[in-house]
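Undergrad: fold the following for me, if possible:
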Amino acid sequence: MRHFFALFSRMKHLDRWALMRNVSRENLSSHSLDVAAIAHALALIGNRRLGKVYDANFAAALGIYHDMPEILTGDLPTPVKYYNGEIRGAYAQIERAAENALLGTLPDDLRDDYRPLLQPDPAAGEYKLMKAADKIAALIKCVEEKNGGNREFILAEESTRRAIEDLHCEEADIFLDEFLGSYEQVLDNILK
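TA: Numbers count the residues shown, from 1 in each chain. Predicted structure coming up:
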């Protein structure tokens, strides 16, 4: 038996933002869908408006699988993960072991197809877009929580905005300029 997709389906059981009070809980499955959709949009923005040549479908697929290793590692909060170089290095080794273990749950003939999704090339443009999309999805979560009256996310929103700015990703800047404001709106205004 192969267990890859049974493990993948378990992402819905892993909550994000575990150290913070949440108005609305978010799990890895819903987060990954958001990241995939945003990464896809960033690639299309790059292709249509900036003359880039991204594979938008690959960017989306990276978003779908980017947090799958957390099925085995758990969701380590960002402040803990990046607390110091020693913790970051140790966690990177744990992530790599989890990626390899997940790849081992696939049939041999599919393993090479999933390897670039679970162990992507960090220099690839689509990977960089997916990382930007991951931060944008986190920013959206912060905005939604703040709009729900949760002050717990105010500092997270500020630091996430800075992290996105530090990426110097033109596609992300365009996305934020054109789409982020909608997340501040109530449904009646969005549907007008």
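Undergrad: test my guess that Glu99 contacts Pro69.
TA: Yes. In this structure Glu99 lies within contact range of Pro69 using C-beta atoms under 8 Å: 5.3 Å. Glycine gets a C-beta too; all of them are placed from N, C-alpha and C.
Undergrad: can you pull the residues that touch both of the two?
TA: Counting by C-beta atoms under 8 Å, 6 or more residues apart in numbering, the shared contacts of Glu99 and Pro69 are Leu118.
Undergrad: from Ser29, how far out is the residue most central in space within the chain?
TA: In the chain, the centroid-proximal residue (C-alpha atoms, centre = their mean) is Asp134; its distance is 3.0 Å. Separation of Asp134 from Ser29 (C-beta to C-beta, to the nearest Å) stands at 14 Å.
Undergrad: likewise Ile140?
TA: Distance, Ile140 to Ser29, by C-beta to C-beta: 16 Å.
Undergrad: also Thr78?
TA: In this view, Thr78 and Ser29 are 19 Å apart by C-beta to C-beta.
Undergrad: quick check, the residue nearest to the centre of the chain in a strand?
TA: No. Read with DSSP: H, G, I helix; E, B strand; the rest coil, Asp134 is helix and lies in no strand.
Undergrad: which non-adjacent residue is nearest it?
TA: Leaving aside its sequence neighbours, Asp134 sits nearest to Val35 (C-beta to C-beta, 6 or more residues apart in numbering; 5.1 Å).
Undergrad: residues near that neighbour, how many?
TA: Neighbour count for Val35, taken as other C-beta atoms under 10 Å: 28.
Undergrad: and it, how far from Ala59?
TA: 10 Å.
Undergrad: now the common contact residues for these two.
TA: Here Val35 and Ala59 share the contacting residues 130, 133, scored by C-beta under 8 Å, 6+ apart.
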